[in-house]
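>>> Coordinates for the following, if possible.
(one chain, ligands or ions: 1)
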Amino acid sequence: MTAGFAPAQSALWAVIGDAAVRLAGAGVPSPRHDAEELAAHCLGLRRARLQAAPFFSAEQFATFSAMVARRELREPLQHILGTAPFRHLELAVGPGVFIPRPETEVLVDAVLAAATQGALVVDLCAGSGAIALSIAHERPDTVVHAVERDEAAFAWLARNAAAAGGTVSVHLADAADALAALDGAVDVVASNPPYLPDGLSLEPEVAAFDPAVALWGGTDGLDMVRVVSAAAARLLRPGGFLAIEHDDTHGVEAPALLAATDHWTDIADHNDFTGRPRFVTARRAG
Ligand SMILES: C[S@@+](CC[C@H](N)C(=O)[O-])C[C@H]1O[C@@H](n2cnc3c(N)ncnc32)[C@H](O)[C@@H]1O
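Here you go, the predicted structure:
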């Protein structure tokens, strides 16, 4: 790997390799990737630019070593870096907010396809604002509201929304009764609610760092899917579009839950990019 590199480059890759071995020993699922991301972060570069990077300064090396030690303790990479990528955005994340996952990016594609010019869009259970801010970023013609109940998560949402220039209106509220003034007028409701069934065992990064309020959806994992679908039935105009992310074991249950009411038509379930059932869409019956 290092053959033919300048000495500084060889030294850099040796240090990254050592870090990757340490992370692998700690059970980190993607040790090489994470070691490279941390090195690139400390050098102020994108990971793809590491091939041409110099060795660390003394200060950068100390920072890198400290960050690797944190990752060894299974602190999420995104918390250490302070940001998480989501579609075209880099969102600020840290303690108190759910780290946005790539699986959710596919739900945004469905929402963008359904949102007509000038659409009024509501993101229920917004967390860092990944869904709401992506929609506002990629479709600046839409009017987007983001609802989050948890105060710690809301602080991150407000911070990300402010950094994006205030394109999304943020609301500290419970999804169940939020935005009553918009009842019957909303064009699109999108949501990635907490949806894990009780009793699942989780990776250390998730169990110790994602807030419990962002993860658990009651005994069957569907409590908040029920809350969100009821709230969406209240908010949406006839023909309005709903998209709710769900656990990959709920590809049958989540659509059935919508079909059990007379609120919805065109109910369909969709896979994420890994091919697993991930979100349900429907239209508000008229
Ligand atoms: C799985 S996280 C999703 C965050 C973000 N939408 C995303 O995709 O990254 C679920 C979020 O719902 C919030 N939440 C839980 N119960 C809620 C409720 N009743 N009303 C509003 N937000 C709620 C949690 O605090 C958490 O931020």
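
>>> Surely residue 178 and residue 147 touch.
Yes - the pair residue 178 / residue 147 is scored as a contact, 4.4 Å apart, by CB atoms under 8 Å. For every residue, glycine as well, the C-beta is placed using N, CA and C.

>>> Return the residues of the chain in contact with the ligand.
Neighbours of the ligand within the chain, by CB under 6 Å from any ligand atom: 98, 100, 104, 125-128, 130-131, 147-150, 153, 174-176, 192-194, 213-214, 224.

>>> circling back to that earlier point, and for residue 178 and residue 147, which residues touch both?
122, 124, 171 (CB atoms under 8 Å, 6 or more residues apart in numbering).

>>> and the residue of this protein nearest the ligand?
Evaluated by CB to the nearest ligand atom, the chain has residue 127 as its residue closest to the ligand, separated by 2.4 Å.

>>> Quick check: pLDDT value at the closest residue to that residue other than its chain neighbours.
Excluding its sequence neighbours, the residue lying closest to residue 127 (CB to CB, 6 or more residues apart in numbering) is residue 98, at 4.4 Å. Confidence at residue 98, expressed as pLDDT, is 98.

>>> do the same with residue 3
43.

>>> Excluding chain neighbours, what is closest to residue 272?
Of all residues not flanking residue 272 in the chain, residue 278 sits nearest, at 3.7 Å (CB to CB, 6+ apart).

>>> so where does residue 268 fall, helix or strand?
Residue 268 is located in strand 264-271, with elements delineated by DSSP states H and E.

>>> nearest to residue 219, of the shared contacts of residue 178 and residue 147?
Distance to residue 219, by CB to CB, is smallest for residue 124 among the shared contacts of residue 178 and residue 147, at 21.2 Å.

>>> Look up phi and psi at that closest one.
phi -90, psi 140 (degrees, to the nearest 10).

>>> and the spatially closest residue to residue 197 that is not a sequence neighbour, helix, strand or coil?
In space, and not counting its chain neighbours, residue 197 is closest to residue 221: 3.6 Å by CB to CB, 6+ apart. Put simply, residue 221 is coil when judged by DSSP: H, G, I helix; E, B strand; the rest coil.

>>> Residue 221 contacts residue 254, doesn't it?
No - using CB under 8 Å, residue 221 is not in contact with residue 254; the gap is 9.5 Å.

>>> so what sits against both of the two?
residue 246.

>>> what are the ranges of the strands in the stretch 151-286 of the chain?
168-172, 186-191, 236-245, 264-271, 277-284 (DSSP state E, counting those that start in this stretch).

>>> From the contact counts, what lies against the fourth one?
What it means is strand 264-271. Under the contact criterion of 3 or more CB pairs under 8 Å, 6 or more residues apart in numbering; DSSP states H and E, strand 264-271 touches helix 104-114, helix 253-259, strand 277-284.

>>> out of the shared contacts of residue 178 and residue 147, who has the most neighbours?
residue 124 (30 neighbours; other CB atoms under 10 Å).

>>> mind pulling up the phi and psi values for the most centrally placed residue in the chain?
Central residue of the chain (CA atoms, centre = their mean): residue 100, 1.5 Å from the mean position. Taking degrees, to the nearest 10, you get phi -60, psi 140 for the backbone angles of residue 100.

>>> wait, what's in contact with it?
Residue 100 touches 84, 86, 91, 93, 127-128, 130, counting by CB under 8 Å, 6+ apart.

>>> Go through those residues and flag which are in strands.
If you go by DSSP state E, those have 84, 86, 91 in strands.

>>> Which of those residues sits closest to residue 118?
residue 86 (23.9 Å).

>>> quick one: low-confidence parts of the stretch 1-150 of the chain?
Within the stretch 1-150 of the chain, the segments meeting pLDDT under 70 span 1-7.

>>> hey, where'd the helices end up in it?
With DSSP state H, counting those that start in this stretch as the criterion, the stretch 1-150 of the chain has helices at 7-25, 31-43, 58-72, 77-81, 104-114, 130-138.

>>> picking up where we left off before, CSV for the strands of the stretch 151-286 of the chain, including mean pLDDT?
Below are these laid out as CSV (pLDDT from 0 to 100):
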stretch, mean pLDDT
strand 168-172, 98
strand 186-191, 98
strand 236-245, 98
strand 264-271, 98
strand 277-284, 98
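
>>> With adjacent residues omitted, what lies nearest to residue 210?
Using CB to CB, 6+ apart, the nearest residue to residue 210 is residue 98, at 5.3 Å.
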